[in-house]
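Undergrad: Compute the structure for the input listed below.
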Amino acid sequence: MSDLQQLLFGIVLVAGVTLFIALITAPFEAMTWWSRWTVNPEGDADKEGQYARGPADGQPAVPGKKAVVFYVTGIGTITGERHPQLEQHFLDELKQELPYATIIDDFFPYSPAGIPLTGQRIFARFWRFSGRHRAFVTQNLIRLRNMFQVLVAADGRYGPIYSAGTYRIMREKLLFNGHALKSRQPVIMLGYSGGAEISLGASPFLHGEFQSRLTLLSLGGVLSSHPGIASLDRIVHVQGSRDRVAKIGGLFFIHRWRIFGKSHWNEAHKHGLISTIPIDGMAHNGPGGYLDPDTHTVEGGPSNLQQTIAHIKTVIDEEIEASQTGPGRQPDDSAS
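TA: Numbers count the residues shown, from 1 in each chain. Got it, this is the predicted structure:
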């Protein structure tokens, strides 16, 4: 074996061992959060309590607002306050297109404690460096790290612990933005990529706490056959024909396969709770992706970004109408 072959073998070996260690230690953050919270649950409760006194039940938090869109970012992010360039541009355009909706976009979903990668962590300096230098290697390290957290959220053993943490942060942000527990304004969780699975995990907790309609709008989302499906009023899955990530997710989570007819996913399909919006020629991310403002799948037609926002707007408008015409519901105390 030549020196070059030995070097390449060593690099591959180190990378493989590193990824294996990262995978098996991925649940530790959720378990650590859970152990600390169970020792001092009142700390978070006091923090949430300062937001609990919002607008009167059933009244909008801000005049003119008719819905809440809770954006759950994809796996390429390192903090909830700052997003990759295409995502940030997408959010800016979405806010202009939906002036009648409250858009919450400062949530970091890949930590049950809500701590961004640049926060109080052992490797915070490394993640800050990775965020500043968006090279191919560092970008994929961020994605792999966050992808492992998505797998934790989807796991039947650690997922409920992980989701309990993300739910508490989402609840706090909803209350902070004035969404009362008895509000009739619909809540639409807009989950991009792995953010869709994180949203799905938090759904049973949110359903048990709030009386508003709860919808998951998956943008190229990776979704499992999670029990939380039953807690949602509706799931809308936007998927491009060139989106390999969403397709792989459908293959990886085998209980979405048709042979498992009694799974949560297929039962919801049978009852018409899951619908898909196919978009021809659209990929998952980057050039040609959902958020690309420069690519046009049809020459002379709207850009990918414009198509994506148009579909999102349609779903949100439908949810607003459904919340105004449909009956209200009582929260399920057993789920909270």
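
Undergrad: so how many other residues sit close to the spatially closest residue to residue 114 that is not a sequence neighbour?
TA: Spatial nearest neighbour of residue 114, excluding adjacent residues (Cβ to Cβ, 6 or more residues apart in numbering): residue 169 at 4.2 Å. For every residue, glycine as well, the C-beta is placed using N, CA and C. By other Cβ atoms under 10 Å, the residues close to residue 169 number 21.

Undergrad: What of the one 3 residues further on?
TA: As a burial measure, residue 172 scores 19 neighbours (other Cβ under 10 Å).

Undergrad: can you list the weak-confidence ranges in the stretch 201-336 of the chain?
TA: Within the stretch 201-336 of the chain, the ranges that satisfy pLDDT under 70 run 326-336.

Undergrad: which residues in it form strands?
TA: Using DSSP state E, counting those that start in this stretch, the strands of the stretch 201-336 of the chain run over residues 214-219, 234-240, 274-279.

Undergrad: Tell me which of those strands sits nearest to residue 110.
TA: Among the strands of the stretch 201-336 of the chain, the nearest to residue 110 by Cβ to Cβ is strand 214-219 (16.5 Å).

Undergrad: just checking, which of the strands of the stretch 201-336 of the chain sits deepest inside the structure?
TA: Comparing the strands of the stretch 201-336 of the chain by mean neighbour count (mean count of other Cβ atoms under 10 Å), strand 214-219 ranks first with a mean of 27.

Undergrad: and the angle for it with strand 234-240?
TA: Taking axes from the mean of the first three to the mean of the last three Cα atoms, to 10 degrees, one finds strand 214-219 and strand 234-240 inclined to each other by 0 degrees.

Undergrad: just checking, what packs against strand 214-219?
TA: strand 187-192, helix 195-209, strand 234-240, helix 304-325 (3 or more Cβ pairs under 8 Å, 6 or more residues apart in numbering; DSSP states H and E).

Undergrad: Quick check, residue 163 in contact with residue 155.
TA: No. Counting by Cβ atoms under 8 Å, residue 163 stays clear of residue 155, with 10.4 Å between them.

Undergrad: quick one: the residue nearest to residue 71 when sequence neighbours are not counted from residue 88, how far?
TA: Spatially, and ignoring its direct neighbours in sequence, residue 71 is nearest to residue 105 (4.4 Å; Cβ to Cβ, 6+ apart). From residue 105 across to residue 88, the span is 9 Å (Cβ to Cβ, to the nearest Å).
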